[in-house]
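*Asks:* Next comes the sequence, and after it the predicted model I'd like to discuss.
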Amino acid sequence: MINLPNLPEKEELEFKEKEFLLSLYEQFQRSSKIWFVVLGVLLVLALPAKFVLQGIFASALIKSYRPPVVNLQPYIPQELQVLRTEILSVSAGSVSVLAQLLNPNRDISAREFTYRFVLKDGTGAVLSEVPGEGYLLSGESRFLLLPLLSLSPLPKTAELVLEQVRWTRRQPEFEVRLEVLQKNTGYTPEGKFFVEGLVRNLQNYQIKKVELSFIVFDQSNRNIVGVNSSVITDLVGSESRYFRGLWPSGKRFAPGQVEVIPDVNLLAPGLILEQQQKIPVR
C-alpha cells in the first residue's frame, strides 16, 4: 500500500501565498530607492548599449577577417618553347614563314593561344606583323605555318611572339588515328610543285576538322626548303580523303623527304561526330 502525503488545504495555500507576497513587499519597502533608480537606468541603457557593443564587435571581427587566398592560376605551367623560326623563299616578292613550337608540360595543354609573326628587314625595322591562333597538346611539338606572304622589300628575319595562352589539365576523351597513304610529289603542267595523297580515318566516327602540314626537306633531309598547308573537313569514319598541296608556279625543289603531318585539336568542342550526332568533349 502506498501512503500519500497529506496535502495542505486550499485556504492554507492561499494564506502562505499572501504571506510570501507581503514579506516581499516589506523587503522592497525597506530597500534603498537608489537601487531602483540604478536598475531603471540600466534597463533604459541596455538596449542602446547592445547596439553599440554589437557594432564594435562586428567591426572588430570584419577587420580581423582574412579571406582565403584564391589561386587564380591553380598550376604554373612551363612556357611554350620556340624551337625554330625560318623564312623560306617562294618566288620573287613572296616568302614562306614557319615556326616550330614545343609544349614541355607533360600534363598541361595549351588549349588555345594567340601569336604574331613579326617580320623585319636587315636593319631590324618591322615590315609586317601577321596574327594567328593555335593550340598545342601536352608534351607535343607542331609547326605554325605561313605558306605564302608577299612583301616588298622581302623580310630578312622573323620572330614568333606568343601572346595570350589558355592552359588546361583536361585530357582528350578520344584517340584519333589517321594514316597518310599513297603520298606523291611532282610538278603540274604549269610548273607548280605539289604534294598529294590520301588521309584515312582509322576510327568509326566522323572528324570535323583535320589540319594538314606539308614539310619539304632538301636532299640531306636536314633543312626545310618548303612548307604548305591544307584542311580536310568532315572526315567520315573509315574514309580515305584525297588531299593536294600546291606551290606557286616557278618554285623548283630537289626534295628529299616530304612530311605530311595531320593534326587534330582533340580539345576543340564538337570535334568528334558519331552517327551524325555531336559528342561534346568535356
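*Replies:* Received the coordinates, thanks.
*Asks:* where along the stretch 101-250 of the chain do the strands fall?
*Replies:* Using DSSP state E, counting those that start in this stretch, the strands of the stretch 101-250 of the chain run over residues 109-120, 126-136, 141-150, 157-168, 178-187, 193-201, 206-217, 224-235, 240-246.
*Asks:* Quick one: these as TSV, columns for mean pLDDT, distance to residue 81 and mean neighbour count too.
*Replies:* Bear in mind the C-beta positions are built from the backbone N, C-alpha and C, glycine included. TSV is the format used below for the strands of the stretch 101-250 of the chain (pLDDT from 0 to 100; distance: least, CB to CB, whole Å; neighbours: other CB atoms under 10 Å):
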stretch	mean pLDDT	distance to residue 81	mean neighbour count
strand 109-120	96	11	19
strand 126-136	95	10	15
strand 141-150	94	9	18
strand 157-168	94	10	15
strand 178-187	94	25	13
strand 193-201	96	28	19
strand 206-217	94	18	20
strand 224-235	94	18	18
strand 240-246	96	27	16
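*Asks:* Who are the contact partners of residue 77?
*Replies:* Applying CB atoms under 8 Å, 6 or more residues apart in numbering to residue 77 gives the contacts 105, 108, 167.
*Asks:* bridging residues for the last one?
*Replies:* Beta bridges link residue 167 to residue 110, judged by DSSP bridges.
*Asks:* Verify the contact between it and residue 112 for me.
*Replies:* No. The criterion here is CB atoms under 8 Å, and residue 167 misses it with residue 112 at 9.7 Å.
*Asks:* List the contacts of the residue nearest to residue 180 when sequence neighbours are not counted.
*Replies:* Once flanking residues are discounted, residue 180 sits nearest to residue 260: 4.8 Å by CB to CB, 6 or more residues apart in numbering. Residue 260 makes contact with 180, 183, 195, 197, 199, 212, 213, 214, 243 under the criterion CB under 8 Å, 6+ apart.
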